[in-house]
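Novice: here is a sequence with its predicted model. Questions after.
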Amino acid sequence: MRETLVQDIMVPLEEYPCIAETHTLRQAIEEMGKAQIMKGRQASLPRTALVFDESFNELLGMLRRRDIMRGLEPRFLVSGSLEYRQKLFDVGIDPNLSELGYDTIIARIRKRANRLVKEFMMPIRATIDCNDHIMKAMNEMVDQNISLLPVLKEGNIVGVVRSVDVLNEVAVILSP
């Protein structure tokens, strides 16, 4: 059995969502929603987008779904404790009050959707070479607590390797 390299399971860069740091959260949601990654007969939506400079020459970071949600969350929800935030949605006295609150929340989310990606992106913590073994990718993902690694070839980004693809390949290795 041949050793599996990162290049064997990576998603090519042209098939993965890439956005500029100057994109808005709204644009990031649109780009991620359009991207559908095919692996065999299975399609999946990406959980992360790569963030580049405005000219798309330099990889600057990653933007996860939860980073977008953090950016959209209205300020009054972020400032309180978790218990306080949960009580805000515990409206049992008058159901009509929840509609008023809902409209206010939606208006604030729409406004916050115009914030820039660069405010919420994560820096790149690790990369991997396309000729590295998938076990190195697995080790980096566990060590850095990340689920996506940019893949380099001769110093240039050529794709990404996702934890789901690494784990699927490990499952193949473990099968009898």
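Specialist: Sure thing, it's come through.
Novice: confidence score at residue 97?
Specialist: As predicted, residue 97 sits at a pLDDT of 51.
Novice: pick out the residue closest to the middle of the protein.
Specialist: Nearest to the geometric centre of the chain sits residue 48, at 1.8 Å (C-alpha atoms, centre = their mean).
Novice: and that residue, bridged to which residues?
Specialist: Beta bridges link residue 48 to residue 64, judged by DSSP bridges.
Novice: so, low pLDDT: which residues of the protein?
Specialist: Judged by pLDDT under 70, the chain has its weakly predicted residues at 1-2, 75-100.
Novice: tell me where it has strands.
Specialist: 11-12, 18-20, 37-39, 42-44, 48-52, 59-64, 122-123, 128-129, 148-153, 156-162 (DSSP state E).
Novice: looking at the ones you listed, which is buried most?
Specialist: Highest mean neighbour count of the strands of the chain: strand 48-52, a mean of 24 (counted as mean count of other C-beta atoms under 10 Å). Bear in mind the C-beta positions are built from the backbone N, C-alpha and C, glycine included.
Novice: for it, which outside residues touch it?
Specialist: The contact list for strand 48-52 (C-beta atoms under 8 Å, 6 or more residues apart in numbering) reads 13, 16-21, 28, 31-32, 35, 58-65, 117-118, 121, 147-148, 150, 157, 160.
Novice: ok and it relative to strand 148-153, angle-wise?
Specialist: Relative orientation of strand 48-52 versus strand 148-153 (axes from the mean of the first three to the mean of the last three C-alpha atoms, to 10 degrees): 50 degrees.
Novice: make a markdown table out of the strands of the chain and add distance to residue 175.
Specialist: Formatted as a markdown table, those follow (distance: least, C-beta to C-beta, whole Å):
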| stretch | distance to residue 175 |
| --- | --- |
| strand 11-12 | 23 |
| strand 18-20 | 34 |
| strand 37-39 | 17 |
| strand 42-44 | 17 |
| strand 48-52 | 28 |
| strand 59-64 | 31 |
| strand 122-123 | 34 |
| strand 128-129 | 24 |
| strand 148-153 | 24 |
| strand 156-162 | 20 |
